[in-house]
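S.K.: need coordinates for the below:
(2 chains)
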Amino acid sequence: MSALTVRRVSKRFGPVEVLKDVCLEIDSGEFTVLVGPSGCGKSTLLAIIAGLETATSGEIEIGGRRMNDVPAKDRDIAMVFQSYALYPTMSVRQNITFGMECRGVPKARQQEAVARVARLLQIEPLLDRRPAQLSGGQRQRVAMGRALVRDPSLFLFDEPLSNLDAQLRLEMRAEIKQLHARIGTTSVYVTHDQVEAMTMATRIAVMYRGEVQQFDDPETIYNRPANLFVARFMGAPPMNTMPARLHADPNGVQAVIGTGADAIRLSLPMQISDTRLAPFRDAEVVLGIRPECIAEPRRRFGGENAPPTLIDATVEMTEPTGAETIAMLRLGGHRVIGRVAPDAQLTVGGAERFSIDTRKLCLFDPKSERLIA
Amino acid sequence: MNRRWILYGLVLVLAAFFLTPLVVVVLTSLRPNEEMAQRSLIGWPQAPTLANYAMAWSRFCIAERCVGVAPYLANSLLMTVPATIISTLLGAVAGFAIALWRFRGDTAIFALVTLGVFLPEQMRLIPWVIVLRDIGLSNTITGLIVVHVVQGLSFTTLFCRNYFVAVPQDLIKAARIDGAGFYRIFWRIVLPLSPPILVVCAIWQFTGIWNEFLYGVTFLTGPAQPITAAIIAISATVTTSPQYGVQSAAVLLAALPTLAVYLFGGRYFMRGLTAGAVR
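M.R.: Below you'll find the predicted structure:
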């Protein structure tokens, strides 16, 4: 049974349509991440799920029960806010027990629950402090504790790691993931950070301009993006996209980048009989290549025996990061980014040879911007 | 260096200018009438005495009642304390609702409420006469409490609303999810954050209501009048020779409560007024 259903939810603020017909079906135990650039409606959607905002139209169901007219407190949810929203005049202990106090849970049970959660999150020494006396990471933990103590049927996270520094963000990211693996409560997590989305989610909903662009597992989102927006938004550095011409002959399907002497031909993994390609034969398409699919020439994609696809490109700039080197290349007149091994010797300004992973090439319709194949 | 002395000199002159009336009243209140008659109206007390205070407190005749200012001070306290507390608390609730709870038409209601800040007292006089008559509270201290609570709400709501808009909305959202309702959120989360603004409201209301004269003299008569009305009655009694010493003592007694409130709460007052400005 689905733990959360969002059915055709729309939200307008006056003339502005913030959400358009959003549909999501989230299974029990899933960790769903809503990701998108700021203003895409992801936080509004979360607020509607929580009952803090009302949808203009559409339905929210939690555990099979229609929630539209149920107040936030009766939805059996817990929420972690970006600002943590800890009650500043209460101690950590009171912050955690406040919800139970509101629901009339007996004092003894409250203390038991606090002890359990404090042990789980290792915040026992902080229980008698005020939020102002805590560091950012500790506040984050307390906010988690306040949510966990409720033992809800649905966890909602609204960019909970955005206020932490980079180091702590990585730690807490891993910790939330472990926590979810341990308690298995269905979670909806909002972030603008696509790395967070990729690393934590069981399924990702990529949102843009109030619409869900794609709702899939991270691997599909990354390798088979539904449209150009998803392709360019997910991944850092983003997927290279460039116009190309689709060419089919008895040897297979090829994408031709550029014209004349500079033209580069890449064999595509699709079959010539693939009906999806039919409308685009000898026509313009948009070719998508992930940066990691462009590497130094000795790299073999798809096993030792597979024949390599090698191309020549001019190196415009390199950015060594230590673990790898990001290379800005000129390929058939277009600027593309490749990721090569840190020990590859590249001459800036010179032509170099690169190995291409053609298995993961994506083709998009230049008009609708949707994935063709 | 020179400029600093000029500055100090200027400040001293200004301070003297503002403080002179107070000094004169204090000096006069300590001198017996005979001394003033023999020497000069204004002067250093030759034999300082508190007799004027004793007289003003309980025996001086005001409007042909020789009971001193004590009963009138009591009237003022009975009026000012409840009116201050009620208007401050109601203003805090209203400010919370407008700033943090948000409801349909909240900005319109806020605009209407704060309009009261700009309405002159005289304009509201006749409507209040009618209202007090209709609810049967004419010539009662309770009636005046109602008047001051309603009028004060404009100020206290404005102050509290401006203070509360700095409270993060997320706190309210978190509390709603935790299951707290309007009043629980107010008592447990918002009110504990509010002492600075509550002190501002309380001082503002206390001094305003205590010093208010027009309503006091219009809606209350005789023994029910507040101290401000009684003080005017004192200066109006010219049956015998002017009793400057006693009158000065009476004025100082009347000013004592507001002075005390300001001395104890002044620090919070300045802090609270600027609290909203610097987020």
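
S.K.: can you list the buried residues in the helix of greatest length in chain A?
M.R.: As assigned by DSSP state H, the longest helix anywhere in chain A is helix A:166-183. For helix A:166-183, the neighbour count (16 or more other C-beta atoms under 10 Å in any protein chain shown) marks A:169, A:172-173, A:176, A:179-180 as buried. To be clear about C-beta, it is placed using only N, CA and C from the backbone, and glycine gets the same treatment.

S.K.: tabulate these (CSV), appending pLDDT.
M.R.: Below are those laid out as CSV (pLDDT from 0 to 100):
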residue, pLDDT
A:R169, 91
A:M172, 91
A:R173, 93
A:I176, 93
A:L179, 91
A:H180, 94
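
S.K.: could you redo those residues as CSV and give each row distance to chain B?
M.R.: Formatted as CSV, the buried residues of helix A:166-183 follow (distance: C-beta to the nearest C-beta, whole Å):
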residue, distance to chain B
A:R169, 19
A:M172, 18
A:R173, 21
A:I176, 18
A:L179, 19
A:H180, 19
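
S.K.: now A:R8: phi and psi?
M.R.: phi 50, psi 50 (degrees, to the nearest 10).

S.K.: check B:Q243 too.
M.R.: Backbone torsions of B:Q243, given as degrees, to the nearest 10, read phi -100, psi 70.

S.K.: next up, the contacts around it.
M.R.: B:33, B:60 (C-beta atoms under 8 Å, 6 or more residues apart in numbering or on different chains).

S.K.: what's the pLDDT at it?
M.R.: Here, the pLDDT recorded for B:Q243 equals 81.

S.K.: what's the answer for A:A351, then?
M.R.: 89.

S.K.: the helix or strand bottoming out on mean pLDDT in chain B pairs with which strands, and in what direction?
M.R.: Using mean pLDDT, DSSP states H and E, the weakest-scoring helix or strand in chain B turns out to be strand B:61-62, at a mean of 78. Here strand B:61-62 is paired, per DSSP bridges, with strand B:65-66 (antiparallel).

S.K.: is whichever helix or strand comes after the partner strand anywhere near chain A?
M.R.: Note on strand B:65-66: by DSSP states H and E, the next helix or strand toward the C-terminus is helix B:70-96. No. Using C-beta under 8 Å from any C-beta of the partner chain, helix B:70-96 stays clear of chain A, coming no nearer than 14.7 Å.

S.K.: could you dump stretch A:154-167 to PDB, C-alpha only?
M.R.: The C-alpha coordinates for stretch A:154-167 follow below in PDB (Å, rounded to 0.1, in the frame of the first residue of the first chain):
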ATOM      1  CA  LEU A 154       5.700  10.000   7.700                       C
ATOM      2  CA  PHE A 155       8.900  12.100   8.100                       C
ATOM      3  CA  LEU A 156       9.100  15.400   6.300                       C
ATOM      4  CA  PHE A 157      12.500  17.100   5.900                       C
ATOM      5  CA  ASP A 158      12.700  20.700   4.600                       C
ATOM      6  CA  GLU A 159      16.300  21.300   3.500                       C
ATOM      7  CA  PRO A 160      17.500  20.200   6.900                       C
ATOM      8  CA  LEU A 161      21.200  20.300   6.000                       C
ATOM      9  CA  SER A 162      21.400  23.700   4.200                       C
ATOM     10  CA  ASN A 163      22.500  25.600   7.200                       C
ATOM     11  CA  LEU A 164      25.400  23.400   8.100                       C
ATOM     12  CA  ASP A 165      29.000  23.800   6.900                       C
ATOM     13  CA  ALA A 166      30.200  21.400   4.200                       C
ATOM     14  CA  GLN A 167      32.000  18.900   6.500                       C
END
